[in-house]
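# Quick check, what structure comes out for this input:
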Amino acid sequence: MEPGDVCGGEEALPVPVCGTWTQLPDFQYAAELVAGPGAELDPSEVTIQGCECPEPRCPPGGCACLPHGDNYHHRRLRGSQKPVLECNVLCRCGESCANRETQHGLQFQLQVYQVPGKGWGLRTQEIIPSGRFVCEYAGEVLGAEEARRRIRSQHPHANNYIIAVREHLHSGRVLETVIDPTYVGNIGRFLNHSCQPNLVMVPVRTHSMVPRLALFAARDIPAWEELCYDYSGIAFNCTPNSGLLSGHSQDMETDRSQRKKCLCGTAPCSGYLPFDATLYKAGSL
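As a prediction, this is how the structure comes out:
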């Protein structure tokens, strides 16, 4: 890592560090998901069949990748209540297709910096319009047992980067993906929690059934504002059967001593960071 670019050239834009960069946690940078211990699927393998649209713009409703209409309008996400399927490397439409928004990498000038009381954080150096793609939360895709092992081995006061994303399908099935950017990950690992976030996380599938956790602007974000999302996934996802994200879901029955204080400072702050008790229970994932 270098102060001029914490990404080491792996992203479309450099992400500089404001602060004592030598104090950054040591990790291997990866712009996309990688298969970790216990992963059932390799996220780098192409497993989704591409569309046959010959035109640069896939027609909504007539494209296999757009069964519910366009995902984006003028590069802005149309809604966060459902998972997104983008065109992939097997699609005939080509790289200029508008249904590939998250595949262009970073599109805004971001910066890693030290947030008083929180440690490291991520902020934008320019205005980000509502609905625009900001970054991905990338890391190792883990199996359930490995995720539990890593969490149990953590020091109680250490940062926990592991997130379990559960997609509740209309059929009643729940698809779960566990991602850990502790050792291998991208700039998403620097995002802090907020009970009133300016980002929303949406599962986006491109060439693999393993969803990429894409973060979009939930509103217009002014320059130099810290970028945050809701670790629990509750914000912006209130209907339980419409692709609900429930990452670090809160368990109010959990011993408060196991939970960390929330420092987001927003009016609706719950006082504690979301806590996913299932990650600590054997056989629960």
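# show me the contacts for residue 185.
Contact partners of residue 185, counting by CB atoms under 8 Å, 6 or more residues apart in numbering, are 27-30, 138-140, 161. Glycine gets a C-beta too; all of them are placed from N, C-alpha and C.
# again, only this time at 6 Å
Residue 185 makes contacts with 27, 138-139, as judged by CB atoms under 6 Å, 6 or more residues apart in numbering.
# Please apply the same query to residue 131.
76-77.
# where's it relative to residue 187, distance?
Distance, residue 131 to residue 187, by CB to CB, to the nearest Å: 20 Å.
# before we move on, back to that, put together CSV for the contacts of residue 185, with pLDDT on each row.
Shown next, in CSV, are the contacts of residue 185 (pLDDT from 0 to 100):
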residue, pLDDT
27, 93
138, 97
139, 97
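# Strands of the stretch 101-250 of the chain, residue ranges please.
With strands called from DSSP state E, counting those that start in this stretch, the stretch 101-250 of the chain shows them at 110-115, 119-124, 133-136, 139-142, 163-168, 174-185, 192-193, 199-205, 212-217, 228-229.
# what helices or strands is the fifth one leaning on?
With contacts defined as 3 or more CB pairs under 6 Å, 6 or more residues apart in numbering; DSSP states H and E, strand 163-168 has these neighbours: strand 174-185.
# Show me which positions of the strand it packs on end up buried.
Buried positions in strand 174-185, judged by neighbour count with 16 or more other CB atoms under 10 Å: 177-182, 184-185.
# repeat for stretch 165-176
By neighbour count with 16+ other CB under 10 Å, stretch 165-176 contains the buried residues 165-168.
# re the thing from before, save the strands of the stretch 101-250 of the chain as TSV, and put in distance to residue 58 too.
Formatted as TSV, those follow (distance: least, CB to CB, whole Å):
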stretch	distance to residue 58
strand 110-115	29
strand 119-124	30
strand 133-136	18
strand 139-142	28
strand 163-168	23
strand 174-185	24
strand 192-193	36
strand 199-205	15
strand 212-217	19
strand 228-229	29
